[in-house]
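Fold the following.
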Amino acid sequence: MSAVSLNFTTIIAKSNDLQTLPLINPNSISEHYAFKDSYTNLPSDNTNNKVALSFQIMTRAEPPELVIKTIESLLAVKQPQDEILIVDNNNTKVHLYQPLADYCQKLNPKLKVRFYHVDAIKGYKAGALNLALQLMDRQCSHIVVVDSDYQALAHARNTIKQAILQHPNHSLLQFPQFYRSHGQVDIHSELNHYFNHHLYRPFNRIRALSTGTFAVIKVDDLIKLGGWSSESITEDAQMGVLMHRHGMNSEFIPKVIASGILPNTLKDLIAQRRRWIYGNMQVLKKYFRSSKLVPASDENFDSVTTTKFSNNEPLSYGQRFSLLRAHLSQLTAWVNLTGPFIVFHMLTLMVIAGSVFYPSAEVNVFFPLALIYSSYALFITRRLWAYLQDSSTLNKQFNVKHKFKLSDRLRTWLLHLNFWELGALSWLPVLWGQSKPFTCTPKQKIMNDDKAPWIKDLIVAPKLLLILNFITALMVSPISEFYSPLLFACAVGFFLLKLASILVTVYNFSNTKPLSRLELSSDTILNKS
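Modelled structure (predicted):
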């Protein structure tokens with residue numbers, strides 16, 4: 001048998017073994033590998049306000065030294081009743097997962113650090129999370145999802161416990177994402193705008209959807225849902241919607257308790273953003289498909305363990321409207337509706353170009369282009385207003401004197417406009433049901449200190465609007481028969497705006513520097529979020 005059992009805390013499952021396991025569940029793994037978990041029968045210690053956490057790390061071809069740092073940060077904060085569960089999945093590169101297995105093997109079994117590897121599992125990350133749900137210690141009351149690069153700060157465990165005790169009836173508590181990378185200040189601000197401003201708003205804060213890492217989930221309620229759903233590549237947001245539809249509560253806890261690493265190249269950041277946009281729009285498409293409360297289903301989850309809902313009363317119209325508002329706000333945070341106008345822009349330019357070959361045809365370009373630029377202006381104005389309202393609350397937890405100056409907000413706004421086309425067009429394939437694979441944001445280049453060449457970032461930067469406005473400026477310029485001072489000013493203005501956004505983005509990535517550990521202690525955190 002090719003499977004290897006290490007100190008009863010580590011399993012490595014080869015793909016040829018998995019062929020005999022059509023359904024992966026704790027019983028089949030135990031029977032196949034003669035594996036018995038010595039922790040699942042421990043007496044419960046969740047009484048007297050004690051909280052038992054299952055920290056769960058899903059890895060896929062991650063640098064082992066990075067994951068080990070994350071495990072070490074959790075070991076520094078965990079309590080004896082907590083466990084750390086690592087599931088390496090959909091990865092056949094032995095040199096990436098074997099060091100993790102060796103590291104976990106050397107740890108004291110009393111620390112409850114368990115490592116599993118499976119070559120292939122269906123259902124994207126949701127499939128791995130469902131496997132972890134079945135393998136976890138049943139005495140744990142809550143799951144804490146941890147990304148492989150997110151290192152816990154010293155106060156993380158205590159803050160999680162306090163939040164659980166303050167919100168005993170909540171199924172989901174979402175903590176913010178924060179970053180420790182150097183040299184990417186504007187990128188950090190643009191990504192963190194979601195937590196500093198968007199999710200911080202009251203109507204979103206008390207109806208928060210999960211954003212993945214350091215989501216604290218009540219185990220019993222997740223099991224009631226039927227586990228994690230793999231209907232979307234953003235399984236976290238999908239879970240949040242299902243919870244709300246079943247009358248469960250959630251809340252955003254605006255206290256930074258961990259830090260991660262930013263994407264090292266613009267290409268990686270674009271891939272990450274596309275996944276968020278596409279996955280959230282998958283959730284939104286299914287959102288209106290049925291109002292019935294249907295539990296999640298996944299072939300990697302043993303449905304026999306699910307629990308039926310009791311006293312599940314229909315939501316009132318007021319509750320439905322409040323949830324709809326919050327869900328639409330959060331699911332479309334990275335999306336904009338200028339896509340049809342961009343397509344209309346391209347068609348208008350084609351008509352103008354065609355008029356060269358048919359000079360007798362009368363072409364009125366003012367009204368179409370005026371409508372297009374009005375939609376563009378509305379979009380950038382709304383986004384500018386949002387960034388001007390951002391008070392950078394999370395940053396002030398580390399530095400009381402931190403100021404998000406006007407120049408900082410304008411640069412962050414410009415950087416956000418670099419991804420304008422992604423938010424406008426990346427979600428359109430969802431409408432006709434095109435599927436996309438789950439893609440992980442690579443961390444190898446960070447660990448190898450391989451700086452991304454600025455020329456590569458310049459090449460991959462979205463430039464469709466830059467090109468469209470350049471062509472438009474030529475077609476409505478003073479030397480053209482379609483000359484319009486207003487349209488020419490709009491075309492030149494949006495061209496320069498898009499060019500500035502690309503330059504700000506490339507500049508940020510040109511200063512990318514790796515950082516092994518965020519050197520912040522709990523003493524520097526303000527508890528006044």
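
Quick one: the helices in the stretch 351-500 of the chain, in order.
366-389, 406-417, 420-425, 444-447, 454-460, 464-475, 485-510 (DSSP state H, counting those that start in this stretch).

Can you flag the weakest of those by average pLDDT?
Ranked on mean pLDDT, the bottom entry among these is helix 444-447, at a mean of 51.

For the strand or helix carrying residue 203, buried residues please.
Under the criterion of DSSP states H and E, residue 203 resides in helix 202-205. For helix 202-205, burial by neighbour count (16 or more other CB atoms under 10 Å) applies to 204-205. Glycine gets a C-beta too; all of them are placed from N, C-alpha and C.

repeat for stretch 385-392
For stretch 385-392, the neighbour count (16+ other CB under 10 Å) marks 386-387, 390, 392 as buried.

which helices and strands does the helix holding residue 203 pack with?
In terms of contacts (3 or more CB pairs under 8 Å, 6 or more residues apart in numbering; DSSP states H and E), helix 202-205 is packed against strand 249-252, helix 317-331.

on contacts alone, who are the packing partners of the last one?
Yep, that's helix 317-331 we're talking about. Under the contact criterion of 3+ CB pairs under 8 Å, 6+ apart, helix 317-331 touches helix 202-205, helix 235-245, helix 266-287.

Which residues are in contact with the residue most central in space within the chain?
Nearest residue to the geometric centre of the chain (CA atoms, centre = their mean): residue 211, 5.1 Å. Counting by CB atoms under 8 Å, 6 or more residues apart in numbering, residue 211 makes contact with 174, 177, 194, 199, 236-237.

Tabulate the residues you listed (CSV), appending neighbour count and distance to residue 166.
As requested, the contacts of residue 211 are exported to CSV (neighbours: other CB atoms under 10 Å; distance: CB to CB, whole Å):
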residue, neighbour count, distance to residue 166
174, 27, 14
177, 20, 21
194, 18, 23
199, 22, 18
236, 24, 22
237, 23, 24
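
How many residues are close by the nearest residue to residue 506 once chain neighbours are set aside?
Sequence neighbours aside, residue 457 is the residue nearest to residue 506 in space, at 4.8 Å (criterion: CB to CB, 6 or more residues apart in numbering). Residues contacting residue 457 under the criterion other CB atoms under 10 Å number 22.

re earlier: dump the helices and strands packed on helix 317-331 into JSON lines; add distance to residue 419 as well.
Formatted as JSON lines, those follow (distance: least, CB to CB, whole Å):
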{"stretch": "helix 202-205", "distance to residue 419": "21"}
{"stretch": "helix 235-245", "distance to residue 419": "18"}
{"stretch": "helix 266-287", "distance to residue 419": "6"}
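
right, and those helices - which one's nearest residue 110?
Nearest to residue 110, of all the helices and strands packed on helix 317-331, is helix 235-245, at 31.2 Å by CB to CB.

how far off helix 317-331 does the closest one point, in degrees?
Calculated by axes from the mean of the first three to the mean of the last three CA atoms, to 10 degrees, helix 235-245 forms an angle of 170 degrees with helix 317-331.

Counting by contacts, list what helix 235-245 packs against.
For helix 235-245, the packing partners by 3+ CB pairs under 8 Å, 6+ apart come out as helix 124-135, strand 170-174, strand 249-252, helix 266-287, helix 317-331.

Now tabulate those in JSON lines and tack on mean pLDDT and distance to residue 108.
Shown next, in JSON lines, are the helices and strands packed on helix 235-245 (pLDDT from 0 to 100; distance: least, CB to CB, whole Å):
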{"stretch": "helix 124-135", "mean pLDDT": "93", "distance to residue 108": "20"}
{"stretch": "strand 170-174", "mean pLDDT": "98", "distance to residue 108": "30"}
{"stretch": "strand 249-252", "mean pLDDT": "97", "distance to residue 108": "35"}
{"stretch": "helix 266-287", "mean pLDDT": "91", "distance to residue 108": "36"}
{"stretch": "helix 317-331", "mean pLDDT": "92", "distance to residue 108": "41"}
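
coming back round to it: which of the helices and strands packed on helix 202-205 sits closest to residue 120?
It's helix 317-331; of these, that one is closest to residue 120 (CB to CB) at 29.7 Å.

Mind listing what's buried along the closest one?
Residues 322-323, 326-327, 329-331 are the ones in helix 317-331 that count as buried (16+ other CB under 10 Å).

Now residue 495: closest residue in space that isn't a chain neighbour?
residue 469 is the one closest to residue 495 (CB to CB, 6+ apart), at 3.9 Å.

no no, residue 336
residue 423 is the one closest to residue 336 (CB to CB, 6+ apart), at 4.4 Å.

Quick one: residues contacting that neighbour.
Contact partners of residue 423, counting by CB under 8 Å, 6+ apart, are 277, 334-336.

how much space between residue 229 and residue 73?
As judged by CB to CB, to the nearest Å, residue 229 and residue 73 stand 29 Å apart.

Which strands or helices does the helix or strand hosting residue 350 pack on?
Using DSSP H and E, residue 350 sits within helix 339-354. Where contact means 3+ CB pairs under 8 Å, 6+ apart, helix 339-354 is packed against helix 366-389, helix 420-425, helix 464-475.

Give me the neighbour count for residue 427.
When neighbours are counted by other CB under 10 Å, residue 427 registers 24.

want to try CSV for the helices and strands packed on helix 202-205, with distance to residue 147 as columns?
Listed next are the helices and strands packed on helix 202-205 as CSV, based on distance: least, CB to CB, whole Å:
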stretch, distance to residue 147
strand 249-252, 17
helix 317-331, 19
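
Indicate which one of these is closest to residue 402.
Among the helices and strands packed on helix 202-205, strand 249-252 comes nearest to residue 402, with 20.3 Å by CB to CB.

what does whatever helix or strand comes next after that closest one contact?
Once strand 249-252 ends, the next helix or strand along the chain (criterion: DSSP H and E) is strand 258-259. The contact list for strand 258-259 (CB under 8 Å, 6+ apart) reads 73, 146, 150-153, 156, 175, 178-180, 213-214, 518, 520.

Recalculate using a threshold of 10 Å.
The contact list for strand 258-259 (CB atoms under 10 Å, 6 or more residues apart in numbering) reads 70, 73-74, 77, 144, 146-147, 149-153, 156, 159, 175-181, 213-214, 398, 515, 517-518, 520.

Quick one: buried ones out of those?
For those, buried by 16+ other CB under 10 Å: 70, 73-74, 77, 144, 146-147, 149-153, 156, 159, 175-181, 213-214, 398, 518, 520.
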